[in-house]
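[1] What would the 3D arrangement of this be:
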Amino acid sequence: MSSVTKIIIIFVAVVFSLKVKSPLGVSLFVGSIALGLWLGMPLDALGFSLVAGVFDPPNLVLLLIIAEIILLSAVMQETKQLRKMVAAVREVIRNPRFAVPTMTAIIGLLPMPGGARFSAPLVDEASQDLDTDNVHRATINYWFRHIWEYWWPFYPSVILICAITGFSIGKIVVVFFPASIVMVTVGYFFYLRRFPKFKASDVGKPKGSLLRLLSVSRAIIAVIVLNFALVQLRAGLESLGVPLQGLPTRFPLVLALIVGIMMAWRGTGLTSRAVAKMVFNMRVAMNMLTVGSILIFSRVLEDAGAIKDMTETLKSHDAPLLLLAIAVPFLVSFVTGIVVAYVGIALPILYPVFVASLPASEIPAYLFMFSVSGFIAVMLTPVHLCLILSNEYFEVRFTQVARYLIAPCALSMVIYLGIFFVYRML
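    A predicted model of the protein is given here:
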């Protein structure tokens with residue numbers, strides 16, 4: 001039995017366990033052990049993968065970031081800062097069809113893992129007086145959180161694409177920007193049309209509404225600006241020969257979130273004990289278990305060589321290039337739930353094939369199809385961290401939200417194929 005078949009069977013078992021309400025973290029942890037043993041990993045190697053999946057420095061940093069996101073959003077929610085921010089956004093953007101997704105889209109500019117958990121309270125607060133339910137809220141929060149990720153230059157996957165292909169950031173933006181337009185348009189059609197438009201009597205912003213929005217959003221703005229500044233500072237220092245390679249890639253975000261938490265906490269009157277309770281509770285513990293299990297599952301897949309075997313198997317069957325550009329990233333993304341995984345694992349294998357087999361003018365088209373296919377899979381997989389944390393906040397199940405994702409993703413994919421053929425003709 002091939003590695004592909006084994007991965008699919010284990011993954012189906014994990015998804016089935018969600019139907020019987022098994023915690024995803026537990027299911028993934030058990031599935032990681034079962035998959036490692038089935039793929040022939042020695043017990044000592046499997047044990048190392050289970051430990052390294054959590055305790056590797058980059059993964060520890062990721063877990064720390066998730067905890068910081070939960071704490072920052074909890075402090076802002078407890079102190080009514082989120083409510084004030086939502087009220088200010090509504091003063092600036094009077095149409096609910098635009099105000100609600102704007103909350104999560106703004107957070108999407110910050111490449112934080114699990115960022116949908118941060119934007120969830122904003123979407124929740126902004127949609128309270130609208131005719132909708134938690135499944136719809138969770139889907140909107142998840143969908144519009146990711147509209148920038150195709151091309152926004154602060155996302156690791158975009159940087160990695162540039163490194164592998166040699167394309168400039170400018171070229172990546174030009175090639176992939178239409179994907180964001182598609183995502184916004186499709187999301188509006190499926191999720192936002194049910195919201196009311198603003199009334200003529202509502203038009204007109206109260207005086208000072210924009211300044212009020214900037215003031216109540218200062219903690220979030222500080223995180224975004226400081227993260228950007230620290231990333232640029234790090235790049236500048238490294239270009240001068242300062243050895244910073246030992247620092248985890250996401251370390252600037254750790255520092256930026258600490259500053260954001262302190263700004264949100266300062267002057268609120270919250271005690272240290274109250275803040276500690278926001279992090280050390282059973283719900284947060286289950287969130288962290290889920291994140292840790294995802295990291296372990298990905299590590300087992302990597303250490304067992306399963307993803308590379310799967311990619312090589314598909315490549316060796318003389319499949320059409322377009323099929324490879326769609327199927328390989330889709331499968332890798334679906335089993336890992338991580339955008340940077342399909343870029344880092346599959347693109348180094350397929351990109352030389354594209355270069356050797358295609359005229360230079362067609363390579364951007366195939367690169368576009370490769371990336372959007374992987375991203376669609378990330379949006380659909382039950383192990384995507386943003387989807388998990390968003391669903392847990394709104395207390396909805398994966399299967400409930402998945403029903404609202406399939407049709408928009410399918411329509412997006414059809415449109416992306418149309419864009420692919422247009423790119424080929426250019």
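[2] quick one, helices of the stretch 1-150 of the chain?
    With DSSP state H, counting those that start in this stretch, the ranges of helices along the stretch 1-150 of the chain come out as 3-19, 24-38, 43-55, 57-78, 81-92, 96-108, 115-126, 134-145.
[3] Using CSV, write down the CA coordinates of stretch 325-336.
    Only the C-alpha atoms of stretch 325-336 are listed here, as CSV (Å, rounded to 0.1, in the frame of the first residue of the first chain):
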residue,chain,number,x,y,z
ALA,A,325,0.1,21.9,-10.6
ILE,A,326,-3.3,21.4,-9.1
ALA,A,327,-3.1,17.9,-7.4
VAL,A,328,0.3,18.1,-5.7
PRO,A,329,-0.2,21.3,-3.7
PHE,A,330,-3.8,20.4,-3.0
LEU,A,331,-2.9,17.1,-1.4
VAL,A,332,0.0,18.4,0.5
SER,A,333,-2.1,21.3,1.9
PHE,A,334,-5.0,19.2,2.8
VAL,A,335,-3.0,16.8,5.0
THR,A,336,-0.9,19.6,6.6
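[4] what's next to it, contact-wise?
    With contacts defined as C-beta atoms under 8 Å, 6 or more residues apart in numbering, stretch 325-336 is touched by 4, 7, 11, 297-298, 301, 307, 310-311, 314-315, 319, 339, 341-343, 345-347, 349-350, 354, 366, 369-371, 373-378, 380-381, 383. The C-beta positions use only the backbone N, C-alpha and C, and glycine is treated the same way.
[5] Please spell out the PyMOL selection for the buried subset of those.
    Those of the contacts of stretch 325-336 that count as buried under 16 or more other C-beta atoms under 10 Å are selected in PyMOL with:
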select buried, resi 4+7+11+297+298+301+307+310+311+314+315+339+341+342+343+345+346+347+350+354+366+369+370+371+373+374+375+376+377+378+380+381+383
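[6] that older thread, okay if I get the helices of the stretch 1-150 of the chain as CSV plus distance to Y423 and mean pLDDT?
    Listed next are those as CSV, based on distance: least, C-beta to C-beta, whole Å; pLDDT from 0 to 100:
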stretch, distance to Y423, mean pLDDT
helix 3-19, 29, 77
helix 24-38, 37, 86
helix 43-55, 38, 89
helix 57-78, 34, 81
helix 81-92, 36, 76
helix 96-108, 25, 82
helix 115-126, 29, 82
helix 134-145, 24, 93
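[7] okay if I get these as CSV plus distance to G166?
    Shown next, in CSV, are the helices of the stretch 1-150 of the chain (distance: least, C-beta to C-beta, whole Å):
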stretch, distance to G166
helix 3-19, 30
helix 24-38, 35
helix 43-55, 32
helix 57-78, 25
helix 81-92, 40
helix 96-108, 27
helix 115-126, 29
helix 134-145, 30
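[8] of those helices, which approaches L289 most closely?
    Across the helices of the stretch 1-150 of the chain, L289 has its closest neighbour in helix 24-38 (3.7 Å, C-beta to C-beta).
[9] Relative to the whole chain's centre, how far out is the closest one?
    Distance of helix 24-38 from its chain centroid, counting by C-alpha atoms, centre = their mean, to the nearest Å, is 22 Å.
[10] how far off helix 3-19 does it point, in degrees?
    Orientation of helix 24-38 against helix 3-19 (axes from the mean of the first three to the mean of the last three C-alpha atoms, to 10 degrees) gives an angle of 150 degrees.
[11] returning to what we had before: out of the helices of the stretch 1-150 of the chain, which gets nearest to R218?
    The nearest among the helices of the stretch 1-150 of the chain, by C-beta to C-beta, is helix 81-92 at 9.3 Å.
[12] and the top helix by length along the chain, which residues are buried?
    Counting residues, the longest helix found in the chain (DSSP state H) is helix 398-425. Residues of helix 398-425 classed as buried: 398, 400-402, 404-405, 408-409, 412-413, 415-416, 419-420, 423-424 (neighbour count, 16+ other C-beta under 10 Å).
[13] so which one among those has the lowest pLDDT?
    Within those, F398 has the lowest pLDDT, namely 89.
[14] Isn't that one up against P382?
    Yes. Counting by C-beta atoms under 8 Å, F398 touches P382, with 4.7 Å between them.
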